[in-house]
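Visitor: Quick one: sequence and predicted model below, then my questions.
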Amino acid sequence: MSATMLDGRATKDAIFDELRPRVAALAEQGRTPGLGTVLVGDDPGSHSYVRAKHNDCAKVGITSLRKDLPADATQADVETAIDELNADPACTGYIVQLPLPKQLDTGPLLERIDPAKDADGLAPVSLGRLVLNEAAPLPCTPRGIIELLRRHDVELNGANVTVIGRGITVGRSIGLLLTRRSENATVTSCHTGTKDVAAEIARADVVVAAAGVRHLVMPDMVKPGAAVLDVGVSRTEDGALAGDVHPDVAEVAGFLSPNPGGVGPMTRAMLMTNVVEAAERAS
Ligand SMILES: Nc1nc(=O)c2c([nH]1)NC[C@@H]1CN(c3ccc(C(=O)N[C@@H](CCC(=O)O)C(=O)O)cc3)C=[N+]21
């Protein structure tokens, strides 16, 4: 048996095709969406993600606004960049690329993002609204995972979903989406305090591996036919990138998201979607 590939690149392209006419309609009314990015420091990974996001903008017709700050930027420098994007009418949504260098206090910076321009859905007000079932931009990676499953007809209603990892961008926030009435899944959150992760994986219809631990999910753990989403990335000693899911899981799973080429492109597709939706709401 070989799993159906949850092809994030092809799905992202399909979503871009759907966004293009919406962006064109906004542009006709002089309301072209604009994505801002605040990037601090020179981490090559972060630079490459931000570059990809601006390439995506060009593909769908979104304006991009970059604020790149040096690695030794102060809290006040980043506050200024955020204030400028809050005030700039050309910017309809923006993100502060995480993680920030350690001299910076991330919490207050995320608090400073105008909730109407929060493209990531990670600002405290947005996460609070999500908990309260109020309209809010949704965190991009969780939204991308759900969209990827939906477009491949993977059932979530009543499904047992095991999430591994409790980071804010994925593990902690995805349960908020999956347990809404519209998704109706039963969610188990695994982390370093979990006694038997393999047992939690074994009973899952859907596994979301977002721990950043190489090959944490092995073929003998997975229920035959389950959908497995490989979200984590880690770097091996020789500098190669590895996912959280062993490639042989493809022999057991019913659906598997490749990594790269799975959840990463979907995260970017949802960022573009959030920016377009914010522009549609802005008058
Ligand atoms: N405020 C904030 N929002 C984020 O959404 C955010 C962040 N900070 N910090 C870092 C993580 C990571 N992240 C990725 C997005 C796309 C790919 C992606 O498209 N990856 C490609 C491969 C790209 C490549 O090869 O370089 C793929 O999986 O196929 C990866 C990683 C967003 N993040």
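Guide: Sure, I can see it. Numbering: from 1, shown residues only.
Visitor: what does the stretch 151-283 of the chain put close to the ligand?
Guide: 169, 260-261, 264-265, 267-268 (CB under 6 Å from any ligand atom). No exception for glycine: its C-beta is placed from N, CA and C like everyone else's.
Visitor: Thought Ala227 was touching Ala253, still the case?
Guide: Yes: assessed by CB atoms under 8 Å, Ala253 is found in contact with Ala227 at 6.8 Å.
Visitor: Quick one: end-to-end length of stretch 248-267, please.
Guide: With CA to CA, to the nearest Å as the measure, stretch 248-267 spans 24 Å from end to end.
Visitor: ah, wrong one, I meant stretch 133-142
Guide: First-to-last distance for stretch 133-142 - CA to CA - comes to 16 Å.
Visitor: So which bits of it are buried?
Guide: Residues of stretch 133-142 classed as buried by neighbour count (16 or more other CB atoms under 10 Å): 136-142.
Visitor: quick check, nearest of those residues to Thr162?
Guide: For the buried residues of stretch 133-142, the residue nearest Thr162 by CB to CB is Pro142; the value is 14.5 Å.
Visitor: What is the burial count for whatever residue of the chain ends up closest to the ligand?
Guide: The ligand sits closest to Gly264 of the chain, with a gap of 2.2 Å, by CB to the nearest ligand atom. Neighbours of Gly264 under the rule other CB atoms under 10 Å: 22.
Visitor: quick one, what contacts it?
Guide: Gly264 is in contact with Gly8, counting by CB atoms under 8 Å, 6 or more residues apart in numbering.
Visitor: tell me the phi and psi of it?
Guide: Phi and psi for Gly264, reported as degrees, to the nearest 10, are phi -60, psi -60.
Visitor: Please, where are all the strands along this structure?
Guide: 4-5, 34-40, 63-69, 93-96, 160-164, 186-190, 206-209, 227-230, 233-235, 241-243, 255-257 (DSSP state E).
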